[in-house]
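1. Okay, sequence plus prediction incoming.
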Amino acid sequence: MYELPSHMSHKNPSDLVPELTWEATPLHGHREWFEGEGASRTKPGPLLDNYLNQYGFGIPIKAEVASVINRAVSAQGSWYAYSERGIIVLIPLINRVAFIYAG
């Protein structure tokens with residue numbers, strides 16, 4: 001997770017990075033965040049652990065980072081976009097950006 005540049009913190013990312021298709025959170029319609037081989041059966045999604053464990057093996061990540069990303073993708077106020085290599089999550093409320101990939 002990285003600091004979000006100040007000029008991006010309160011703008012629609014589609015205006016700043018038009019090559020990607022940005023969607024506002026909460027995240028929905030992407031089953032890998034909700035189910036899969038490694039998906040949590042006890043917590044409702046979307047969950048970062050479900051995404052990272054979608055192929056049945058986990059990728060370790062700090063609990064604090066997972067918690068921040070889980071909150072961001074589960075509530076309004078953030079943005080996400082799928083790229084060729086992973087997912088970018090912009091979290092303007094805490095001025096952070098995360099790049100996430102599984103595999």
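-> Received, thanks.
2. any chance you could read off phi and psi for the residue nearest in space to the middle of the chain?
-> Most central in the chain under C-alpha atoms, centre = their mean is V89, positioned 4.5 Å from the mean C-alpha point. Main-chain torsions, V89, degrees, to the nearest 10: phi -120, psi 120.
3. From N50, how far off is it?
-> 15 Å (C-beta to C-beta, to the nearest Å). Backbone N, C-alpha and C define where each C-beta goes, glycine included.
4. One more: W22?
-> Following C-beta to C-beta, the distance that separates W22 from N50 is 22 Å.
5. Show me where the protein has its helices.
-> Using DSSP state H, the helices found in the chain span residues 13-16, 48-52, 63-74.
6. Other residues contacting the shortest one?
-> Yep, that's helix 13-16 we're talking about. Residues from elsewhere that reach helix 13-16 (C-beta atoms under 8 Å, 6 or more residues apart in numbering): 7-8, 20, 22, 79, 81, 90.
7. quick one: the strands in this structure?
-> Here the chain has its strands, by DSSP state E, at 2-3, 22-24, 79-82, 87-91, 96-100.
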